[in-house]
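I'd like to go over a predicted model; first the sequence, then the structure.
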Amino acid sequence: MLKVEQAFKLPEGTEVSLRGWVYRIRKLGENKIFIVLRDVTGTIQAVVVKENVPAHVWANAEKLYHESSLTIKGTLKEDERAPGGKEVQVQELSPISIGEPFPIHKDQSEEFLLDNRHLWIRSRKMTNIFKARHHLINYLTEYLHSKGFYRFDPPIITTAGAEGGADMFELDYFGQKAYLTQSSQMYGEAGIFALERVYTLAPSFRAEKSRTRRHLAEYWHLEPEAAFVDWEENMQIQEEMVSYAIEQFLQNHPDLVEFFGIKDLHKDVKPPFPRLTYYEAVDLVNKLGGKMEYGEDFGADEEALISSQYNKPVFITKYPKKIKAFYMKEDPNDPELVLNNDMIAPYGHGEIIGGSERIWELEKLKQRIKEAGLKEENYKWYLDLRRFGSVPHSGFGLGIERFVKYVLNLDHIRDAVPFPRTVNRVYP
């Protein structure tokens, strides 16, 4: 069996066998049926002419529904009216599963499509999103491999949170209180003492009741950690990784770039990315009509204002310590700030990366845990990392769905993952 894309490369008159699903079907008069067959590589038009095929072939073609699965055999013919300029003149047609009438048609609500997500993922748009997601993840990790990072697989069930917040999904783990992880960072930090540079790629969970276009309760999280890397080099790794993934995607997948119409959105993604300190960013927000006080964190509206001034991602650095996580290293020039960064994507897509240099001294980390109101006993093993051969190190986390949303310029983050989990969506 050939794939559709292979068939298009063959000359007119070649006999081909294909299999897939009915993407579209229509009957023309009483003696011709047009079938658009799809497989993972694309679509091709097939024509069944009643007088040219055995009676059972015509009968089978008449029974087909949208999304019926089948095999066809026929001859390639050039036809400028056909999508792609070629079609298959059908000689044989064998249904694999005719099925039932497909429930998804044009002009149906978002809620209906979400309720039938298991079927909607077959659509051309969703199929192309998943292809793009696959390639983008490969390019992100390809860059990390080139810089000496090892994949390091963490647990999903944990006893404490990296962020130390209340937005964790609690569960009963054989009578013991446990949580679904909100970040694999701490396990990544453990990994650097064996492998020096590691990354985790795993789901993270946030029990935030956020109803925005950029929040998910379950998302995929790419989290590199690296020994002997300071916060400046950490940002360099981030910008080079993002730039590499986007440039490789643009170069190697012109069909997807054209489908999403994104070539002009990414004309300039080469490092270095612009950098603003937290205070400079607050001043910019207020200059552009926003209203922020020093000490407040940026929301979606504020990030959109900042990103409106750039056509590529921008770093915001050195946040106030009191609004960031306990493990971030203090700025030696101002102990009220931390050596961290958020990477804000352009065009209103918001934060896609958060990173920092980590506190690597035992007593300083214990003090910050205390200041944050956390229980030291919950972080015993994490503190052990500072007791036995600690070294300066840094890391960051990239949300895969936010990154895909940005690169493909999607309207909503739920389309960046096959089965989105949001505050009001846990089915299917």
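Ah, there it is. Numbering: from 1, shown residues only.

what about the stretch 51-200 of the chain, any weak spots by pLDDT?
161-166 (pLDDT under 70).

any low-confidence regions in the stretch 301-428 of the chain?
In the stretch 301-428 of the chain (pLDDT under 70), no residue qualifies.

need the longest strand for this protein.
When the chain is parsed with DSSP state E, its longest strand is strand 15-28.

Strand 15-28 and the helix or strand that that one is followed by, what's the angle between them?
Going down the chain from strand 15-28, the next helix or strand is strand 32-39, by DSSP states H and E. With axes from the mean of the first three to the mean of the last three CA atoms, to 10 degrees applied, the angle from strand 32-39 to strand 15-28 works out at 130 degrees.

Tell me which other helices or strands strand 32-39 touches.
On a contact count with 3 or more CB pairs under 8 Å, 6 or more residues apart in numbering; DSSP states H and E, strand 32-39 meets helix 4-8, strand 15-28, strand 42-49, helix 55-63, strand 69-78. C-betas here are computed from N, CA, C, even on glycine.

ok, and for the last one, which residues are buried?
So that's strand 69-78. Residues 70, 72-74, 76 are the ones in strand 69-78 that count as buried (16 or more other CB atoms under 10 Å).

same thing with stretch 211-224?
Buried residues in stretch 211-224 (16+ other CB under 10 Å): 214-224.

What of stretch 143-155?
Quick answer for stretch 143-155 (16+ other CB under 10 Å): 143-144, 149, 152, 154.

show me what contacts the nearest residue to residue 14 once chain neighbours are set aside?
Closest residue in space to residue 14, ignoring its immediate chain neighbours: residue 76 at 4.9 Å, by CB to CB, 6 or more residues apart in numbering. Contacts for residue 76 (CB atoms under 8 Å, 6 or more residues apart in numbering) come out as 7, 10-16, 86-89.

same deal with residue 421?
Residue 421 makes contacts with 216-218, as judged by CB under 8 Å, 6+ apart.

Apply 10 Å and report the result again.
203, 205, 216-219, 414, 427 (CB atoms under 10 Å, 6 or more residues apart in numbering).

re earlier: out of the helices and strands packed on strand 32-39, which one sits most buried?
Neighbour counts (mean count of other CB atoms under 10 Å) averaged over each of those peak at strand 42-49, with a mean of 21.

strand partners of that strand, parallel vs antiparallel please.
strand 32-39 (antiparallel), strand 86-97 (parallel) (DSSP bridges).

And the longest strand of the chain, what does it pack against?
helix 4-8, strand 32-39, strand 42-49, helix 55-63, strand 69-78, strand 86-97 (3 or more CB pairs under 10 Å, 6 or more residues apart in numbering; DSSP states H and E).

Can you convert those into a markdown table and add a column each for distance to residue 316?
Formatted as a markdown table, the helices and strands packed on strand 15-28 follow (distance: least, CB to CB, whole Å):
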| stretch | distance to residue 316 |
| --- | --- |
| helix 4-8 | 43 |
| strand 32-39 | 44 |
| strand 42-49 | 42 |
| helix 55-63 | 59 |
| strand 69-78 | 50 |
| strand 86-97 | 51 |
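
Let me see the ranges of the helices in this protein.
4-8, 55-63, 110-115, 117-120, 124-146, 185-195, 231-252, 254-260, 278-287, 300-307, 362-371, 380-387, 400-408 (DSSP state H).

Among those, which comes closest to residue 30?
Relative to residue 30, the nearest member of the helices of the chain by CB to CB is helix 55-63, separated by 10.5 Å.

Could you name the helices and strands sitting against the closest one?
Checking 3+ CB pairs under 10 Å, 6+ apart, helix 55-63 ends up next to strand 15-28, strand 32-39, strand 42-49, strand 69-78, strand 86-97.

how about TSV for those strands, with distance to residue 241 added?
Putting these into TSV (distance: least, CB to CB, whole Å) gives the following:
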stretch	distance to residue 241
strand 15-28	36
strand 32-39	33
strand 42-49	30
strand 69-78	40
strand 86-97	40
